[in-house]
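> give me a model of this one.
(one chain, ligands or ions: 1)
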Amino acid sequence: MKSAVVSVVALLVILVAWPVSAGGYGGDDNDDIKSWFPLDNLLELDYYDKICPNFEKIVDNKVREWTKTDASLGPALLRLVFHDCGVTGCDASVLLDHEGSERRAPASKTLRGFEIIDDIKSALEKSCPGLVSCADILISASRAATVQLGGPYWSNAYGRRDSKTSYARDVEKVPSGRRDITALLETFQSYGLNILDLVVLSGAHTIGKANCGTIQSRLYNFNATKGSDPSIDPKLADYLRRKCRWASETVYLDAVTPVAFDNQYYKNLQKNMGILTTDQELVKDPRTGPLVKAFAEQPPQMFRQQFAVSMAKLVNIGVLTGEDRIGEIRKVCSKSNSRRY
Ligand code: HEM
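Residues are numbered from 1 along each chain as shown. Modelled structure (predicted):
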């Protein structure tokens, strides 16, 4: 009981200390969301209302169709948006598919969901030719996937343009699963995101899977010990060692409630059941540990609401807009209109 009170107090202090998160969350409270962003004059909540009124409906239906056939594509879309926004901003640079592009970098090897974006783009080119950017499609599709997975809703403002370039070397900006917390914090700060956003957005790992290749170094011969990382719960370590002999195998990131968009991820971290090193480090570090504890001990709604707030910030990182005339509306999401292949 005492620890629950401490965690509520910790969370309240944090919410007050970071005013960016204190104004509300998703839902229809658009004014609150808009006031948080310095870029709010550039993107518009009603951007497609007149020029492509069925935009979100088309996206929603397509995501539903695809995930009905393969449910694992939902988490893949949510991850894809992080890998787009985390590298040169939310400009669809991750979708360009040519030699030397982000998508072809070794670190992007396990990204998936590109075919859904291509399919949505073809449908939109039929209904609203030349109007909807791939960057906006990706943002909208990631929210549709999140909501369809039972996650929270947030309001998206639109009007992003697509980048004309994409470089594999820039992919280093997205953190791998083996960074320390200081490096993660620095990366998030470079996005304009704070420590609360880091802990909350890591909560996306309440759904989806990791490839065993990503975690094998924690399981076999950890630090040349021939054993597994001692910070993993022994039962879980046992299971993972049996499951992960092949790098191409996959394991759920939330071993307890793998398909529920809940706060179990944080409870797992408290029991040394984080799958990625970066996940488990969140509970150990004195800067992030109190937040993990708060999200673990509070009702899941607290996490879900804050997740919507942080996602609404993530999807506005480094956008290209009509104001600066940089970028384009691609005809095909995997190719720049101006590039010859
Ligand atoms: C805090 C820094 C983060 C790190 C270090 C990180 C790292 C990773 C890694 C290593 C994987 C497994 C990849 C694989 O083995 O195939 C993964 C999966 C995933 N990540 Fe993150 N991630 C971070 C933040 C985020 C954010 C901000 C989001 C979205 C808001 C996100 C959403 C996901 C999802 C949904 C999956 C599962 C994908 C699938 O099932 O296909 N991650 N992440």
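
> now for this structure, the helix or strand with the poorest mean pLDDT.
Lowest on mean pLDDT, DSSP states H and E among the helices and strands of the chain sits helix 30-35, with a mean of 35.

> quick one: neighbours of the residue nearest to residue 332 when sequence neighbours are not counted, just the number.
The shortest distance from residue 332 to any non-neighbouring residue, by C-beta to C-beta, 6 or more residues apart in numbering, is to residue 121 (6.8 Å). To be clear about C-beta, it is placed using only N, CA and C from the backbone, and glycine gets the same treatment. Residues lying near residue 121 (other C-beta atoms under 10 Å) number 23.

> which residues does residue 121 contact?
132, 134, 137, 330, 332-333 (C-beta atoms under 8 Å, 6 or more residues apart in numbering).

> quick one: name the residues of the stretch 201-341 of the chain near the ligand.
201-202, 204-205, 207-211, 214, 253, 276, 278 (C-beta under 6 Å from any ligand atom).

> how is this protein partitioned into domains?
26-175+315-324, 196-309 (automatic domain parsing).

> need the contact list for the residue of the chain found nearest the ligand.
Nearest to the ligand, among the residues of the chain, is residue 208, at 2.5 Å (C-beta to the nearest ligand atom). Contacts for residue 208 (C-beta under 8 Å, 6+ apart) come out as 72, 75-76, 78-79, 252-253.

> now the residues you listed in a markdown table, with distance to residue 91 and secondary structure?
Conversion of these to a markdown table gives the following (distance: C-beta to C-beta, whole Å; DSSP: H, G, I helix; E, B strand; the rest coil):
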| residue | distance to residue 91 | secondary structure |
| --- | --- | --- |
| 72 | 26 | coil |
| 75 | 22 | helix |
| 76 | 19 | helix |
| 78 | 18 | helix |
| 79 | 17 | helix |
| 252 | 31 | strand |
| 253 | 27 | coil |
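
> so which of the residues you listed is the closest to residue 244?
residue 252 (12.1 Å; C-beta to C-beta).

> any idea how far the nearest residue to residue 89 once chain neighbours are set aside lies from residue 307?
Once flanking residues are discounted, residue 89 sits nearest to residue 318: 2.1 Å by C-beta to C-beta, 6+ apart. To residue 307, residue 318 is 21 Å away according to C-beta to C-beta, to the nearest Å.

> out of those two, which sits in the more crowded spot?
Neighbours were counted for residue 318 and for residue 307 using other C-beta under 10 Å; residue 307 has more, 25 against 17.

> redo the contacts of residue 121 as a markdown table? Include distance to residue 225 and pLDDT.
Output for these, formatted as a markdown table (distance: C-beta to C-beta, whole Å; pLDDT from 0 to 100):
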| residue | distance to residue 225 | pLDDT |
| --- | --- | --- |
| 132 | 52 | 98 |
| 134 | 46 | 98 |
| 137 | 46 | 98 |
| 330 | 49 | 97 |
| 332 | 49 | 98 |
| 333 | 45 | 98 |
